[in-house]
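Visitor: prediction below, plus the sequence it came from.
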Amino acid sequence: MKRPITRGIWVSACAIALLIGSGCAVHHGDFTVVSNKLVDVSKFELGKADRAKGIVGEDIVHIVVLFQIGGIPTVEAAIDDALEKGNGDVITDASIDSWFWYIPYIYGQTGWRVKGDVVKTRKN
């Protein structure tokens, strides 16, 4: 005669499934203007400037077993990535998030994401 699956086994299986797919995302805020470059906007009208819309910059680090490969991700590197992709020096209407996901003792990722409209204020 087959023995029915006990409640303890179901609870254990659910706990293991939750641990395997663990992750987290944190929204750090929405910003009107973000830049990590020296910018003089006193004689520049951001509202009238051409912009590259919806640019996403990321700084991602891979986690293998327990070790981060490539250092620690930074928001500055994510901003630099967005500015490079949009060919500009200021991000307007920016949204900044950090996130991670990890399958214990196998693989995961952690990083920063900056999304917004990139504007070029400099002539060169």
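Guide: Received the coordinates, thanks.

Visitor: CA only for contacts and neighbour counts going forward, please
Guide: Noted.

Visitor: quick one: end-to-end distance for stretch 30-41.
Guide: Taking CA to CA, to the nearest Å, stretch 30-41 runs 20 Å from one end to the other.

Visitor: go on, stretch 39-48?
Guide: 16 Å.

Visitor: next one: it to chain centre, how far?
Guide: 27 Å (CA atoms, centre = their mean, to the nearest Å).

Visitor: Phe100 and Gly23 touch, don't they?
Guide: Yes. The pair Phe100 / Gly23 is scored as a contact, 5.4 Å apart, by CA atoms under 8 Å.

Visitor: what kind of secondary structure is Glu79 in?
Guide: Heads up, residue 79 is Ile, not Glu. helix (DSSP: H, G, I helix; E, B strand; the rest coil).

Visitor: equivalent analysis for Thr92, please.
Guide: Under three-state DSSP, Thr92 comes out as strand.

Visitor: quick check: pLDDT value at the residue lying closest to it once chain neighbours are set aside.
Guide: With CA to CA, 6 or more residues apart in numbering as the measure, Val33 is the residue that lies nearest to Thr92, at 4.5 Å, once sequence neighbours are left out. Val33 is assigned a predicted lDDT (pLDDT) of 91.

Visitor: and the one helix or strand Val33 maps to, which strands flank it?
Guide: Assigned by DSSP states H and E, Val33 belongs to strand 22-34. Take DSSP bridges as the rule and strand 22-34 pairs in its sheet with strand 90-103 (antiparallel).
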